[in-house]
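In: here's my sequence, what's the structure:
(one chain, ligands or ions: 1)
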Amino acid sequence: MAPRALMDADPPALYAARMSLEDLTGRRYWRMDGLGNEFVIVDLRGGARPMTADAARTLGDRSGAFGCDQVITLEEGRGLPRMGIWNADGSEAGACGNAARCVAWLLMEEDGEAATAFASPSGVLMAERLGPHRIAVDMGEPKLRWDQIPLAEAHEDTRYVDVKLGPIDKPVLWGPSAVSMGNPHCVFFVEDVATQRLDRFGPLVEHHPLFPEGVNVSVAQVRSRHDLRVRTWERGVGLTKACGTAACAALVSASRRRLTGRKANVELDGGALGIEWREEDGHVIMAGAVRLSGEGTF
Ligand SMILES: N[C@@H](CCC[C@H](N)C(=O)O)C(=O)O
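Out: So this is what the prediction gives:
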């Protein structure tokens with residue numbers, strides 16, 4: 001909810017109150033990535049105008065001064081620091097697994113602790129350090145009901161949803177699993193991820209009418225009961241080297257279809273994540289590397 005003064009302001013005044021890139025002058029940023037999924041993390045703690053779609057697009061633009069898959073804001077939350085997530089196209093997202101590990105690493109570097117907690121758009125995340133650049137994050141419970149993902153039409157069983165690709169009478173891909181990890185995912189199980197033209201059908205499925213908020217689109221190959229190979233077309237970005245929430249969504253979907261157990265190594269183009277869908281509380285735990293490649297002030 002906007003502060004009272006802004007709610008009462010006329011539209012031009014409201015517009016002027018939004019962040020422009022000049023408002024970032026003097027603020028810190030970090031360039032980080034999780035397995036090649038690249039972020040510019042902007043420190044907005046200590047009070048700042050909120051990030052805007054325009055500013056996020058400018059920072060995300062790879063032909064500009066920065067360029068990344070997601071712009072991540074580190075803000076002051078109620079009692080806990082809060083991460084905000086913006087895709088390169090300026091859209092906001094509810095979750096980002098790789099960035100969650102990076103934010104956790106930054107917070108633990110700052111306070112020297114081996115565990116941390118912070119707020120995200122889809123709830124509080126807890127994380128712990130497993131090594132100098134290796135972090136585990138509790139990504140919470142996946143949401144499996146059609147209206148939670150969300151889907152535009154009721155589906156009793158979201159392990160197979162009504163999406164078909166290719167000629168109507170002879171579809172080549174159909175029936176992906178759908179799941180929300182705080183953001184919507186659909187996962188097609190295929191024989192071989194290398195032969196799939198995700199660059200062609202990713203954008204079609206991302207904007208398929210079954211997904212009113214759009215969707216992150218993955219292809220997953222089951223290599224064994226505890227090994228998955230996954231590639232992802234990210235909503236609001238395109239093909240990325242790794243998507244942490246997609247790795248979680250793929251393991252949850254594979255486990256629901258009894259293709260794997262509840263724990264697997266998930267190999268993405270940029271490297272591997274360890275994912276476990278814990279039996280005892282239904283939470284998904286994601287473990288993997290983070291990398292800091294630069295830092296500075298705007
Ligand atoms: N890179 C991310 C996911 C980022 C958000 C996604 N594109 C969406 O719009 O939901 C990850 O590592 O999970």
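In: buried sites along the lengthiest helix in the chain?
Out: Counting residues, the longest helix found in the chain (DSSP state H) is helix 97-111. Under the neighbour-count criterion of 16 or more other CB atoms under 10 Å, helix 97-111 has 97, 98, 99, 100, 101, 102, 103, 104, 105, 106, 107, 108 buried. All C-beta spots, glycine's among them, are computed from the backbone N, C-alpha and C.
In: which one of those residues sits closest to residue 212?
Out: residue 97 (22.5 Å; CB to CB).
In: dump the residue contacts of that closest one.
Out: 34, 137, 139, 181, 243, 244, 245, 246, 247, 248, 273, 286 (CB atoms under 8 Å, 6 or more residues apart in numbering).
In: beta partners for the second one?
Out: Applying DSSP bridges to residue 137 yields these beta-bridge partners: residue 127, residue 286.
In: any idea how far it is from residue 54?
Out: 29 Å (CB to CB, to the nearest Å).
In: before we move on, back to that, ok, and what's touching the helix or strand following the longest helix of the chain?
Out: As assigned by DSSP states H and E, the chain's next helix or strand after helix 97-111 is strand 115-120. Contacts of strand 115-120 with the rest of the structure, by CB under 8 Å, 6+ apart, involve 77-78, 80-83, 85, 94-95, 100, 103-104, 107-108, 124-129, 182.
In: tell me the mean pLDDT over strand 115-120?
Out: Strand 115-120 carries an average pLDDT of 98.
In: with just CA atoms, put stretch 36-47 into CSV.
Out: Output of stretch 36-47 as CSV, limited to C-alpha atoms (Å, rounded to 0.1, in the frame of the first residue of the first chain):
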residue,chain,number,x,y,z
GLY,A,36,25.5,-18.5,-14.6
ASN,A,37,22.0,-17.1,-13.7
GLU,A,38,23.1,-13.5,-13.5
PHE,A,39,22.0,-10.8,-11.1
VAL,A,40,22.6,-7.2,-10.3
ILE,A,41,21.8,-6.9,-6.6
VAL,A,42,20.9,-3.3,-5.5
ASP,A,43,21.2,-2.3,-1.9
LEU,A,44,18.1,-0.2,-1.1
ARG,A,45,18.4,-0.6,2.7
GLY,A,46,18.3,2.5,4.7
GLY,A,47,15.3,3.9,2.9
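In: centre of the chain versus it, how much separation?
Out: Mean-position distance between stretch 36-47 and its chain equals 14 Å (CA atoms, centre = their mean, to the nearest Å).
In: so which bits of it are buried?
Out: For stretch 36-47, by 16+ other CB under 10 Å, it's 37, 38, 39, 40, 41, 42, 43, 44.
In: do stretch 283-292 as well
Out: 284, 285, 286, 287, 288, 289, 290.
In: check the gap between the nearest residue to the second one once chain neighbours are set aside and residue 180 for me.
Out: This means residue 285. Spatial nearest neighbour of residue 285, chain neighbours left out: residue 276 (4.7 Å); criterion: CB to CB, 6 or more residues apart in numbering. Distance of residue 276 to residue 180, given as CB to CB: 18 Å.
In: the two: who's more crowded?
Out: residue 180 (25 against 18; other CB atoms under 10 Å).
In: can you pull the residues of the stretch 151-298 of the chain lying near the ligand?
Out: With the criterion set to CB under 6 Å from any ligand atom, the stretch 151-298 of the chain comes near the ligand through 183, 216, 234, 235, 236, 237, 243, 244, 245.
In: what about those residues, which are in helices?
Out: 244, 245.
In: adding pLDDT, write the residues of the stretch 151-298 of the chain next to the ligand out as a markdown table.
Out: Listed next are these as a markdown table, based on pLDDT from 0 to 100:
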| residue | pLDDT |
| --- | --- |
| 183 | 98 |
| 216 | 98 |
| 234 | 98 |
| 235 | 98 |
| 236 | 98 |
| 237 | 98 |
| 243 | 98 |
| 244 | 98 |
| 245 | 98 |
